[in-house]
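Novice: how does the following fold in three dimensions:
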Amino acid sequence: MKVLICDDEPLARERLKRFIERIEGYEVVGEAENGIEAPVLTEKLEPDILIIDIQMPSINGLEAAKHISQFKQPPAIIFCTAYENYAVEAFQVNAIAYLLKPVKQEQLIKALQNTKRVNKAQLSLLTQDIAQHEGLECSRTHVCAKTYKGIELIPVKDIRYFKADQKYVVVKHSKGQVLVDNSLKEFEQELGQSFVRIHRNALVSINFIEGLEMVAAGHYQVRIKGIEERLQVSRRHVSGLRKLLQSL
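Specialist: Below you'll find the model as predicted:
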């Protein structure tokens, strides 16, 4: 079984690697130093199991795991944390294990033996519970996209808009655009406070809206900072968008 370790602490990674090397049938195929590297290395190395820390800079382990769970063949995920203020047993959801640092060899062996590939529903339940107990922000901060470069993580703060295009969604950001498999409804539910629906096929970042302009009787477009493209605003959303802009 191939194992990928993700932790921003070198000593923690070395400890886990040393333990795994003693267990027959398991091999550490890579190490990620943060939540940004975790999806990239998972895509590249195709591990069977991912052992990932929770508290890390840039992207925490919860969000990284969410992105990874969307892969066609995601690895089983074992979370690690230094927190002790709740019952570990509460997080033993199906095939997912939850270990407290410093991890003990016996606990790791049991977790490895019980892991199975995780599905999105299982991971969603676990990450919600963890976030509530640790007080972590579990909302999306990046969008994961598969491109010719491999896996790319686009910061939400750099995204201008999401636009549905047949089976995919176009994500327009500061450095270009990518296509993702997520639906507009998913993005609206997760990012509703910072993005506004202007059409059945478009969500626009509130921070990048410059203004609303009428192009014909009853027809409006929205101007977006940094890009020449104008997006159509449907009649049903004009009133709400106008009120939003007036309140900013």
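Novice: where does pLDDT dip in the chain?
Specialist: For the chain, the stretches with pLDDT under 70 are 83-95, 117-122, 124-126, 128-139.
Novice: which residues of it fall in helices?
Specialist: Using DSSP state H, the helices of the chain run over 10-21, 37-45, 61-69, 105-114, 120-134, 184-191, 235-247.
Novice: just these: most buried one?
Specialist: helix 61-69 (a mean of 25; mean count of other C-beta atoms under 10 Å). Bear in mind the C-beta positions are built from the backbone N, C-alpha and C, glycine included.
Novice: pipe the helices of the chain into TSV and attach distance to residue 208 per row.
Specialist: Shown next, in TSV, are these (distance: least, C-beta to C-beta, whole Å):
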stretch	distance to residue 208
helix 10-21	38
helix 37-45	25
helix 61-69	22
helix 105-114	43
helix 120-134	28
helix 184-191	13
helix 235-247	12
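Novice: tell me the domain ranges of this protein?
Specialist: What automatic domain parsing lists as the domains of the chain is 2-134, 142-247.
Novice: and the residue lying farthest from the centre of the chain, how far is that from residue 239?
Specialist: Among residues of the chain, the one most distant from the C-alpha centroid is residue 217; the distance is 41.2 Å, by C-alpha atoms, centre = their mean. Using C-beta to C-beta, to the nearest Å, residue 217 is found at 16 Å from residue 239.
Novice: then residue 207?
Specialist: Residue 207 is 21 Å from residue 239, by C-beta to C-beta.
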